[in-house]
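> Provide a 3D model corresponding to the input given below.
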Amino acid sequence: MAIRPILGFDQPILREKARRVSKIDSSIVRLIDDLADTMFAAPGAGLAANQVGVLLRVCVVKGDENQVWGLVNPELVKGEGLQVGYEGCLSFPGWVGEVARYEKVVVKGRNRKGKEVRITSTGFTARAFLHELDHLDGILFTDRLTSLDSLRRVEDVEDEEVNAEDLEAAQA
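So this is what the prediction gives:
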């Protein structure tokens, strides 16, 4: 397990669609572990493989209670309700913006053992899953801003009356 460098938003690989993984072997398991270590060290709430320079459909998401899901070939199965909230990105440090995302999602993929899993999540965890799925499709959160005017420096938003928990989560 290792902490890998996180690529900045200006890196072209972040705009590319990641390739499906055909076989879950020890290199994929190691990638999942490295993504988790890197995410926690950053600290963040999710990380996609292309953010560390690997163009494969693999991501990790930290849920409530610090549970970590490592998913291979993740897909959105269902989304319900929309909620606008602040969102940030480890590849775009120091900035947050308002993005509309589903409030509740069902995501499926394969776990580190190759077993298909379905995960139902709500709120911030649902937002994190959608954010990482976007990364795997070459989409950045800045592409989904409700308005370019909502993109703000973290410290500017901290000065406003914003729910501190929401802001802390958005920076992850």
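> Spit out the contact partners of Leu133.
Counting by Cβ atoms under 8 Å, 6 or more residues apart in numbering, Leu133 touches Cys59, Pro74, Glu75, Leu76, Val107. Backbone N, C-alpha and C define where each C-beta goes, glycine included.
> strand partners of whichever helix or strand the fourth one is part of, parallel vs antiparallel please.
In other words, Leu76. Taking DSSP states H and E as the criterion, Leu76 maps to strand 68-88. Strand pairing for strand 68-88, using DSSP bridges, gives strand 58-62 (antiparallel), strand 95-110 (antiparallel).
> Out of those strands, which one sits most buried?
Per-stretch averages of neighbours, counted by mean count of other Cβ atoms under 10 Å, single out strand 58-62 among the strands paired with strand 68-88, with a mean of 27.
> Give me the helices and strands touching the longest helix seen in the chain, please.
With secondary structure taken from DSSP state H, the chain has its longest helix at helix 26-41. Applying 3 or more Cβ pairs under 8 Å, 6 or more residues apart in numbering; DSSP states H and E, one finds that helix 26-41 contacts strand 46-48, strand 58-62, strand 68-88.
> Rebuild the contacts of Leu133 as JSON lines, extending it with pLDDT and distance to Thr142.
Shown next, in JSON lines, are those (pLDDT from 0 to 100; distance: Cβ to Cβ, whole Å):
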{"residue": "Cys59", "pLDDT": "98", "distance to Thr142": "18"}
{"residue": "Pro74", "pLDDT": "98", "distance to Thr142": "21"}
{"residue": "Glu75", "pLDDT": "98", "distance to Thr142": "23"}
{"residue": "Leu76", "pLDDT": "98", "distance to Thr142": "20"}
{"residue": "Val107", "pLDDT": "98", "distance to Thr142": "22"}
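> Fine by me, thanks again.
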